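Asks: Here is a sequence with its predicted model. Questions after.
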Amino acid sequence: MEFNLAVIKGDGIGPEVTAEAVKVLNKIGEKYSHTFKFAYVRAGGDAIDNCGECLPKETVQLCKNSDSVILGAVGGPKWDNLPGDQRPEKALLGIRESLGLYANLRPAIIHKALSDACPIKKEIIGDSLDIMVVRELTGGIYFGERGYREGKYGNEAYDTESYSEMEIRRIGKIAFETAMARNKKLASIDKANVLESSRLWRKIITEMSKDYPEVEVTHMYVDNAAMQLVRNPKQFDVIVTSNMFGDILSDEASQITGSIGMLPSASLGENSFGMYEPIHGSAPDIAGKNMANPIATILSMAMMLRYTFNLEEEASAIENAVTKVLDMGYRTPDIVSEGTKEVGTRQMGDLIVEAI
Ligand code: IPM
Ligand code: MG
């Protein structure tokens, strides 16, 4: 089969990690007789510098016309002082919105070989963890009305959180289906003791649970969930939550694995169309030094093959290769420990290609 992929290398370590992902896909293509064609487009700081705007129309158009999108990372100190609507991060929100990518899947998995990196006591965590955070991605306070106005104490800034029943239902459906395919446990996280939008969220998820009688649903306030994640993370299987709570809790979940450089993500819309990117940011401090861990981006390619192209065997081939290379003791600087072998970004990519 032939697949047309749009690649946004982005900023910082983005170009380095996407280069390794491309290498891995080419190897998969060779082994399983697929052709991956890559079209490179700009977004974020890279687009600000080269096109004068963070998300050029051509980028959106080309992504829309592709079969799937690969993204490295956007942002960096160079662009930090731009106004909010011109920042590289705005490109990320813009692309999520214009491609209709409302569902963000963020797995937090501890690889056995890296279990020592987990900051939680062994007696609590054992040597494994496997949580899937399902974050709503195109609604809530990220996209609500915002601005400045004259308030009770003079000039004030405001942002608004709102959720429609439709938005809650469609992310709920993804969450319930994800739970059905896993351990049938779903924790819905909200702040229903305070927020009206959360009360609607809880009501809709509760209604939907009747259609999924096998799924055990719990509702939890976000403050409690943040605490439970470090107190006893193993109680969670699938978590579903709003855009902002999901942003925060997915970072927390990722840190429990001890290696944010390992975690992939999928942002999905209708018809399995998706954008695939590592959870980590652009890490400007190590950019261009052949130090970045490409595994998160490489594992994002496995998610792409699985969720968008339905190529389970190929997806597993990537995941197994990553496990094998870790078992052989190879580590990038972010995950290196005593007795393991330190390699750079490119060598890590080569080792995974070889293992495939
Ligand atoms: C993420 C990031 C983004 C977000 C930023 C860069 C806009 O933190 O993908 O989690 O908040 O969604
Ligand atoms: Mg985040």
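Replies: Received it, and whenever you're ready, just let me know what you need. Ligands and ions are numbered 1, 2, ... in the order given.

Asks: Can you tell me the SS state at residue 8?
Replies: Classification of residue 8 by DSSP: H, G, I helix; E, B strand; the rest coil places it in strand.

Asks: wouldn't it be in contact with residue 45 here?
Replies: No. In this structure, residue 8 is not within contact of residue 45 by Cβ atoms under 8 Å, at 11.5 Å. Any C-beta I mention is one placed from the backbone N, CA and C, and that applies to glycine too.

Asks: Identify the contacts common to the two.
Replies: residue 74 (Cβ atoms under 8 Å, 6 or more residues apart in numbering).

Asks: Look up the pLDDT of residue 156 for me, please.
Replies: In this model, residue 156 is scored at 98, pLDDT.

Asks: With residue 83 instead?
Replies: 91.

Asks: Same question for residue 95.
Replies: 96.

Asks: what does residue 40 give?
Replies: On the pLDDT scale, residue 40 gets 98.

Asks: Find the residue closest to it in space, skipping its chain neighbours.
Replies: Using Cβ to Cβ, 6 or more residues apart in numbering and skipping the chain neighbours, the partner closest in space to residue 40 is residue 7 (5.1 Å).

Asks: shaky segments in the protein?
Replies: For the chain, applying pLDDT under 70 flags no range at all.

Asks: show me where the stretch 101-250 of the chain has strands.
Replies: Assigned strands in the stretch 101-250 of the chain, in chain order: 103-109, 130-136, 146-151, 154-159, 185-190, 216-221, 238-241 (criterion: DSSP state E, counting those that start in this stretch).

Asks: need the contact list for the residue nearest to residue 40.
Replies: So residue 7 contacts 18, 22, 38-41, 69-71 (Cβ under 8 Å, 6+ apart).

Asks: repeat for residue 24
Replies: 298, 301, 318, 349, 352-353, 356.

Asks: Turn the residues you listed into CSV, columns for secondary structure.
Replies: Listed next are the contacts of residue 24 as CSV, based on three-state DSSP:
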residue, secondary structure
298, helix
301, helix
318, helix
349, helix
352, helix
353, helix
356, coil
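
Asks: quick one on the thing from earlier: dump the contacts of residue 7 to CSV, plus neighbour count and secondary structure.
Replies: Output for the contacts of residue 7, formatted as CSV (neighbours: other Cβ atoms under 10 Å; DSSP: H, G, I helix; E, B strand; the rest coil):
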residue, neighbour count, secondary structure
18, 27, helix
22, 21, helix
38, 16, strand
39, 13, strand
40, 15, strand
41, 22, strand
69, 27, strand
70, 27, strand
71, 26, strand
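
Asks: Considering the contacts of residue 24, which possesses the most neighbours?
Replies: Highest neighbour count within the contacts of residue 24: residue 298, with 29 neighbours (other Cβ atoms under 10 Å).

Asks: just checking, that one touches residue 18?
Replies: No. Assessed by Cβ under 8 Å, residue 298 is found out of contact with residue 18, at 9.9 Å.
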